[in-house]
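1. Have a look at this fold, sequence not included:
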């Protein structure tokens with residue numbers, strides 16, 4: 001029985017650490033994702049509000065150029081979010097999240113933001129049922145450290161991702177915030193760009209990731225069980 005309790009506690013810890021995602025407001029327009037270890041601009045249409053673009057609609061090439069030359073709060077080396085493709089050469093379509101195209105895929109960085117951090121409904125669930133109220137609303141999240149409600153600003157309907165389509169040089173990957181769909185489209189199309197940066201560039205000091213508290217609690221619990229059975 002003791003071994004079963006220990007195994008159950010271990011499995012609970014593994015699930016908790018893998019599923020508990022948190023965003024942190026770093027102030028100065030920076031939002032940190034502690035699971036992917038990346039920092040987002042709080043302004044999700046900064047190419048427009050900064051005056052770089054007149055209408056917020058960039059081609060895929062222009063979006064790459066904008067992110068690559070961006071310097072924000074003293075930091076350069078920004079980029080477009082990655083789709084983290086499973087099969088770049090022969091992508092399939094699915095609504096259950098096991099294909100690069102379709103709904104309910106949270107492998108990409110924007111997909112992770114949509115489904116795990118903001119908990120937004122996709123247009124279709126994994127059983128292909130239409131979901132009323134799908135798509136992003138106000139982009140609010142609860143700060144993983146302070147518990148305050150924080151808003152992501154100027155969220156647009158569709159965003160460029162960093163990868164081009166391997167099978168067609170004229171297309172590139174996108175993520176639709178209004179539906180939760182990852183797909184691809186023509187590179188000359190004018191879409192929004194949301195810049196992301198590797199690492200926690202706004203942290204001082206760095207907080208413990210949200211899931212670590214569950215992990216430490218579990219270790220204490222295992223220690224108590226071991227003490228009672230000694």
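-> Now that the structure is in, tell me what you want to look at. All values derive from a computational prediction rather than experimental measurement.

2. what about the strands in this protein?
-> For the chain, the strands defined by DSSP state E cover 23-25, 30-33, 38-41, 93-94, 101-103, 140-142, 149-151, 158-164, 171-176, 181-186, 196-198.

3. helices or strands up against the third one?
-> Based on contacts counted as 3 or more CB pairs under 8 Å, 6 or more residues apart in numbering; DSSP states H and E, the elements that strand 38-41 packs against are strand 30-33, strand 196-198. For every residue, glycine as well, the C-beta is placed using N, CA and C.

4. Single out the most deeply packed of those.
-> Scoring the helices and strands packed on strand 38-41 by mean neighbour count under mean count of other CB atoms under 10 Å gives strand 30-33 as the most buried, with a mean of 22.

5. what does that strand rub up against?
-> 21-26, 38-42, 72-73, 112-113, 117, 150, 152, 200-203 (CB atoms under 8 Å, 6 or more residues apart in numbering).

6. what about the nearest residue to residue 151 once chain neighbours are set aside, neighbour count?
-> Leaving aside its sequence neighbours, residue 151 sits nearest to residue 140 (CB to CB, 6 or more residues apart in numbering; 5.2 Å). Look at residue 140: counted by other CB atoms under 10 Å, it has 11 neighbours.

7. What of residue 134?
-> Quick note: residue 134 (other CB under 10 Å) scores 17 neighbours.

8. any idea how far residue 180 is from it?
-> Applying CB to CB, to the nearest Å, the value for residue 134 to residue 180 is 6 Å.

9. okay, and the common contacts of the two?
-> 120, 121, 122, 123.

10. where does the protein dip in pLDDT?
-> 1-21, 137, 204-230 (pLDDT under 70).

11. go again using 90 as the cut-off
-> 1-21, 53-56, 136-139, 202-230 (pLDDT under 90).

12. list the contacts for residue 57?
-> By CB under 8 Å, 6+ apart, the neighbours of residue 57 are 190, 191, 192.

13. How about residue 198?
-> By CB under 8 Å, 6+ apart, the neighbours of residue 198 are 37, 38, 39, 77, 79.

14. Generate a PyMOL selection restricted to the buried entries among the residues you listed.
-> Burial among these is assessed by 16 or more other CB atoms under 10 Å; the matching PyMOL selection reads:
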select buried, resi 38+39+79
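
15. what's the burial count for residue 61?
-> For residue 61, using other CB under 10 Å, the count is 13.

16. That one and residue 187 touch, don't they?
-> Yes. Assessed by CB atoms under 8 Å, residue 61 is found in contact with residue 187 at 6.5 Å.

17. Done for today, thanks.
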